[in-house]
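Asks: Need the 3D shape of this:
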Amino acid sequence: MTALSDLIPLRDTSAWPGYDSIKIIPRVYGRATVEPIRYSDNKLTYVLADHALQGVDSVTLDGTELSGWRWRNGADLTGHAVAFIDLSSAPDSGSSLAATVRGLSGNPADIINDLYPRTDLQDFRIWCSNAGLVLGGALDTKMTARAALAFVLQQVGAVFSAGLPGFALPFPPPGGNPLHAEFGPLDLASWSAECSLSDLVTRLTVPFDWDYADGKAKQSVVLEAPAASNRHGVREDELALPWVKTARQAVATATAWLQWRARPLWRFKFAAGVQFRSLQPGGWISITHPRLPVSGGAVVMDVDPGYGSGAVTITAQAPAGLTPAVTLIRQSAGFDA
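Replies: The predicted structure follows:
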């Protein structure tokens, strides 16, 4: 089984004789624009992905759409499955060739399963499908499985942990989710509470829809929580969502992120009875104590089972105040239907 610290096994062009330079042969998920990699000496055959594709929608040369090309799935000289395009004439040196392709499934759960095979992703797959979450991008950089999973899940506002039921879930969790436990004054021991404004963000720039041939995002939006900016001053940050293809999805993911970060976040840590050992990170709990700075809903971030100590240690996070309204203040392109 792949360990989270292992590198994702991506091939590069050194697998082929006579390669120009070492480039990662990408794995493509959903719909993405990629730069074809030269495969033949005569510059007529190029590789698009290190696996079969569902289709190729367009091929452009220096931004102008080409008509003389043919897409095919096949095997390279090593016998490995790849996707090719054949051109009718060789492009000039220095020309920019790009192809918009349809690769492996863009459902985030399917991407996670391809990178780190799991048997417990069905609930997350259904959630992504019901929410209309589809990603499109190319994995063309060497990274560990842990980094790749975190990158993919960030695109849809989700997190993962081996200890989570279902492995992955949205974060912050929806406010209407049920409480997993309630803690009153008699349930808390050795508690601490701290709050820092260093991570507070009130205005968020979101570049998305990455063009891997051009090396930049095609679109971006800027969101702001006006009430938070008025109270704390404008605090800016960037949330890159390169595999998100539509403004609608980018705004939805970024809005949930900003609503969580536009408020001061309290971090609670306390000891509780061993009956709470089965509590899972990522769920809502209720904390009430007359000496706590805030009471009410909090999200479990970590549970230390404390084997042999007779108690568990719970770390939770809670935003202060009501959920702020978020406003779209700028966008680079119109919303997709």
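Asks: measure stretch 296-315 end to end?
Replies: The separation between the terminal residues of stretch 296-315, taken as CA to CA, to the nearest Å, is 15 Å.
Asks: what sits up against it?
Replies: Stretch 296-315 is contacted by residues 163, 171-173, 175, 179-180, 189, 266-274, 276-277, 279-288, 316-318 when judged by CB atoms under 8 Å, 6 or more residues apart in numbering. Any C-beta I mention is one placed from the backbone N, CA and C, and that applies to glycine too.
Asks: From these, list just the buried residues.
Replies: Among the contacts of stretch 296-315, those buried by neighbour count (16 or more other CB atoms under 10 Å) are 171-173, 180, 266, 268-272, 276, 279, 281-285, 287, 316, 318.
Asks: among those, which are in strands?
Replies: Under the assignment DSSP state E, those contribute 180, 266, 268-272, 284-285, 287, 316, 318 to strands.
Asks: So of these, which two are at opposite extremes in space?
Replies: Every pair in these was compared (CB to CB); the two farthest apart turn out to be A271 and W284, at 19.8 Å.
Asks: then stretch 177-191 to PDB, C-alphas only?
Replies: Listed in PDB are the C-alpha atoms of stretch 177-191, where the atom choice follows Å, rounded to 0.1, in the frame of the first residue of the first chain:
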ATOM      1  CA  ASN A 177     -24.500  19.000  10.800                       C
ATOM      2  CA  PRO A 178     -25.500  17.200  14.100                       C
ATOM      3  CA  LEU A 179     -23.500  17.500  17.300                       C
ATOM      4  CA  HIS A 180     -21.300  14.600  18.100                       C
ATOM      5  CA  ALA A 181     -21.000  15.400  21.800                       C
ATOM      6  CA  GLU A 182     -21.900  18.000  24.400                       C
ATOM      7  CA  PHE A 183     -19.500  19.100  27.100                       C
ATOM      8  CA  GLY A 184     -20.600  21.000  30.200                       C
ATOM      9  CA  PRO A 185     -18.700  22.500  33.100                       C
ATOM     10  CA  LEU A 186     -18.400  19.100  34.800                       C
ATOM     11  CA  ASP A 187     -17.000  17.400  31.700                       C
ATOM     12  CA  LEU A 188     -14.000  19.600  31.200                       C
ATOM     13  CA  ALA A 189     -10.700  19.400  33.000                       C
ATOM     14  CA  SER A 190      -7.300  21.100  32.500                       C
ATOM     15  CA  TRP A 191      -8.800  23.300  29.800                       C
END
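Asks: Now that stretch: average pLDDT?
Replies: Confidence over stretch 177-191, taken as the mean pLDDT, stands at 92.
Asks: ditto for stretch 296-306
Replies: Here stretch 296-306 scores 92 as its mean pLDDT.
Asks: For it, list every residue counted as buried.
Replies: 297-301, 303.
Asks: For stretch 172-187, what is the distance to the chain centroid?
Replies: Centroid separation for stretch 172-187 versus its chain: 26 Å, with CA atoms, centre = their mean, to the nearest Å.
Asks: Pull up the distance across it, start to finish.
Replies: One end of stretch 172-187 to the other measures 25 Å (CA to CA).
Asks: Mind jotting down where the strands sit in the stretch 1-150 of the chain?
Replies: With DSSP state E, counting those that start in this stretch, the ranges of strands along the stretch 1-150 of the chain come out as 27-29, 31-34, 37-38, 45-49, 55-61, 64-65, 69-75, 81-87, 97-102, 137-139.
Asks: Include mean neighbour count and mean pLDDT when you put the ones you listed into a markdown table, please.
Replies: What follows is the strands of the stretch 1-150 of the chain, written out as a markdown table (neighbours: other CB atoms under 10 Å; pLDDT from 0 to 100):
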| stretch | mean neighbour count | mean pLDDT |
| --- | --- | --- |
| strand 27-29 | 25 | 98 |
| strand 31-34 | 23 | 97 |
| strand 37-38 | 22 | 95 |
| strand 45-49 | 23 | 97 |
| strand 55-61 | 16 | 97 |
| strand 64-65 | 8 | 94 |
| strand 69-75 | 14 | 97 |
| strand 81-87 | 20 | 98 |
| strand 97-102 | 22 | 97 |
| strand 137-139 | 26 | 97 |
